[in-house]
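Undergrad: Provide a 3D model corresponding to the input given below.
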Amino acid sequence: MSPNKIDPTAVVSKKAELGKDVEIGAFSIIGDNVVLDDNCVVMHHAVIDTFTKIGKNSRIFPFCSIGTAPQDITFKDEETYVEIGKNNTIREFATVNRGTVKGGSHTRIGNNNYLMMYSHIAHDCQVGNHTIFINGATLAGHVMVEDFAVIGAFSSVHQFVRIGRNAYIGGYTIVLQDILPYTKISQTRDSYNLYGPNSIGMMRNGISRKYINDIKQIFNVLYRQNLNTTQVVEKLRREYADYEGVDIIIDFIAGTKRGILKNFRSNG
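TA: Numbers count the residues shown, from 1 in each chain. This next block holds a predicted model:
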């Protein structure tokens, strides 16, 4: 096994488990029951508190705080967890809290995500793969963010909200309801703005032009035909059953608990 590089000023619990080729920088703290897999880098002054697993090839930048207790006044110091996959980059001052028993006990982040400075993942959040959190993006508790979503700078997402796959949320947006997959939105002082499907983001992620065109037609039903949610689903099932992505949209609508954000001013 290759030797790990641990700065002599770092504090590493004897109950922590380190893979091979792990680097831990000056004055960082690695707590009890932390698991750092192979090739993880924890830079100086970072804290990985307890009951946290971080997958291979992940990079934790200075002053991050991961695995600390949830910011929930009902939390009674129970054993709860953070699970982070492989190939993640977590930049300076980002924070990830452990779960709560009432929320399933786990905060989870998948693979290949990029959390920029001061972003925050609260207790019991479930984050997919290949997401980007731009500086200051904040999730309240119990939020679900699906694959390839982008949360803009200083945007905040209300608890229990779901952000669909490939959605793009512009900076300074307050998200109070679920955001459908593939949606591109932002918020101004007096309204939400819809910019249609996140076409550029979808293309960058390898989605075909046909798929994108199908989503555009589905969005026409969703946002331009003055139908309620039940009518939208019925029409999509009846007339758009062969369109790519339609099942993802329908399933997302069926699973909503906070409702779908639809009160947009259209700019698409």
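
Undergrad: in the stretch 51-200 of the chain, which segments are predicted with low confidence?
TA: Nowhere does the stretch 51-200 of the chain drop to pLDDT under 70.

Undergrad: thought Phe75 was touching Ala69?
TA: Yes. Between Phe75 and Ala69 there is a contact at 6.0 Å, judged by C-beta atoms under 8 Å. Quick note: C-beta positions are derived from backbone N, CA and C, even for glycine.

Undergrad: isn't Asn39 right next to Arg59, touching?
TA: No. Using C-beta under 8 Å, Asn39 makes no contact with Arg59, being 9.3 Å away.

Undergrad: Give me the spatial nearest neighbour of Ile151, chain neighbours excluded.
TA: If the residues on either side of it in the chain are set aside, Ile151 comes closest to Ala137, at 4.0 Å by C-beta to C-beta, 6 or more residues apart in numbering.

Undergrad: burial measure for Phe27, as a count.
TA: 14 (other C-beta atoms under 10 Å).

Undergrad: Same question for Asn57.
TA: Count around Asn57 with other C-beta under 10 Å applied: 18.

Undergrad: just Gln225 next, same as before
TA: 10.

Undergrad: For it, give me the pLDDT.
TA: On pLDDT, Gln225 comes in at 88.

Undergrad: mind listing the helices for the stretch 101-250 of the chain?
TA: Ranges of helices within the stretch 101-250 of the chain are 199-204, 209-224, 229-239, 246-254, based on DSSP state H, counting those that start in this stretch.

Undergrad: List just the one of those helices that sits closest to Thr188.
TA: When those are compared by C-beta to C-beta, helix 209-224 sits nearest Thr188, at 17.5 Å.

Undergrad: Flag every buried residue along the closest one.
TA: 211-212, 214-215, 218-219, 221-223 (16 or more other C-beta atoms under 10 Å).

Undergrad: Grab the CA positions of stretch 215-233 and hand them over as CSV.
TA: What follows is stretch 215-233 as a C-alpha-only set of coordinates in CSV (Å, rounded to 0.1, in the frame of the first residue of the first chain):
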residue,chain,number,x,y,z
ILE,A,215,-38.7,18.1,-24.9
LYS,A,216,-39.4,21.5,-26.5
GLN,A,217,-42.7,20.1,-27.8
ILE,A,218,-43.5,18.7,-24.3
PHE,A,219,-42.8,22.1,-22.8
ASN,A,220,-45.2,23.6,-25.2
VAL,A,221,-47.9,21.5,-23.6
LEU,A,222,-46.7,22.2,-20.1
TYR,A,223,-46.4,25.9,-20.3
ARG,A,224,-48.2,27.4,-23.3
GLN,A,225,-51.6,25.7,-23.4
ASN,A,226,-53.1,26.9,-20.2
LEU,A,227,-53.8,23.3,-18.9
ASN,A,228,-53.7,22.2,-15.3
THR,A,229,-51.4,19.5,-14.2
THR,A,230,-53.9,16.7,-14.5
GLN,A,231,-54.8,17.8,-18.1
VAL,A,232,-51.1,18.1,-19.0
VAL,A,233,-50.4,14.5,-17.9
